[in-house]
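Peer 1: Sequence plus predicted model, see below.
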Amino acid sequence: VSEDINAEEYPTEIHDYLATFDKSLSSVDEMLKTMMSVSRSELLQKLEPLEQAKLDLVSAYTLNSMFWVYLATQGVNPKEHPVKQELERIRTYMNKVKEIADKKKASKLDKGAASRFVRNALWEPNPENDQTPAKAKKKK
């Protein structure tokens with residue numbers, strides 16, 4: 001919030017909120033300047049497809065969130081505006097990308113090793129039929 005604005009122009013109890021909002025806007029502005037300093041094609045070349053999808057989704061979500069705030073500042077209830085459905089749609093895709101990323105991180109299952117592990121963990125010797133090689137020789 002600019003210091004040249006007189007505190008009498010707005011209620012003093014919202015000063016801290018406005019100051020925080022101003023800092024947030026400055027932060028968004030800096031991030032946008034950083035993103036805009038590199039061409040989109042150059043940026044996408046450096047990213048894997050999954051990272052490209054994440055970047056696109058975050059960009060779309062950010063733009064729609066900013067539009068949500070704009071609507072609120074104009075007295076329009078964003079919950080009753082199509083932007084709400086758009087944010088939900090983007091969130092759905094973000095969850096799908098997260099699931100794909102989580103699956104990619106998960107270690108691959110060696111089915112053979114897993115079945116041997118389970119078989120050996122579940123096997124219990126039967127004392128009546130315990131035929132070790134030494135006992136087998138004695139019976140003959």
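Peer 2: Yes, it's here. Numbers count the residues shown, from 1 in each chain.

Peer 1: which secondary element of the chain has the worst mean pLDDT?
Peer 2: In the chain, the helix or strand scored least confidently by mean pLDDT, DSSP states H and E is helix 133-139, which has a mean of 51.

Peer 1: And the residue nearest the centre of this structure?
Peer 2: residue 98 (5.4 Å; CA atoms, centre = their mean).

Peer 1: do you know how far that one is from residue 59?
Peer 2: 16 Å (CB to CB, to the nearest Å). Using the backbone N, CA and C atoms, a C-beta is placed for each residue, glycine as well.

Peer 1: Can you show me the helices along the chain?
Peer 2: Using DSSP state H, the helices found in the chain span residues 15-36, 40-45, 49-73, 83-105, 111-122, 133-139.

Peer 1: Deepest-packed of those, please.
Peer 2: Stretch with highest mean neighbour count among the helices of the chain: helix 49-73 (a mean of 14; mean count of other CB atoms under 10 Å).

Peer 1: And the contacts of it?
Peer 2: With CB atoms under 8 Å, 6 or more residues apart in numbering as the test, helix 49-73 has contacts from 28, 43-44, 47, 77-78, 81, 83-84, 86-87, 90-91, 93-94, 97, 100-101, 104.

Peer 1: just to revisit the earlier point, looking at the helices of the chain, which is nearest to residue 9?
Peer 2: Judged by CB to CB, the one of these that comes nearest to residue 9 is helix 15-36, at 10.9 Å.

Peer 1: Tell me how far the closest one lies from the chain's centre.
Peer 2: 22 Å (CA atoms, centre = their mean, to the nearest Å).

Peer 1: so what secondary structure elements neighbour that helix?
Peer 2: Packing partners of helix 15-36 (3 or more CB pairs under 8 Å, 6 or more residues apart in numbering; DSSP states H and E): none among the helices and strands.

Peer 1: Could you list the low-pLDDT ranges of this structure?
Peer 2: Scanning the chain for pLDDT under 70 picks out 1-8, 107-110, 123-140.

Peer 1: rerun that using 50 as the cut-off
Peer 2: For the chain, the stretches flagged by pLDDT under 50 are 1-2, 140.

Peer 1: quick revisit: I'd like the helices of the chain as JSON lines, with distance to residue 9 appended.
Peer 2: Compiled in JSON lines, those are given as follows (distance: least, CB to CB, whole Å):
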{"stretch": "helix 15-36", "distance to residue 9": "11"}
{"stretch": "helix 40-45", "distance to residue 9": "40"}
{"stretch": "helix 49-73", "distance to residue 9": "16"}
{"stretch": "helix 83-105", "distance to residue 9": "30"}
{"stretch": "helix 111-122", "distance to residue 9": "69"}
{"stretch": "helix 133-139", "distance to residue 9": "95"}
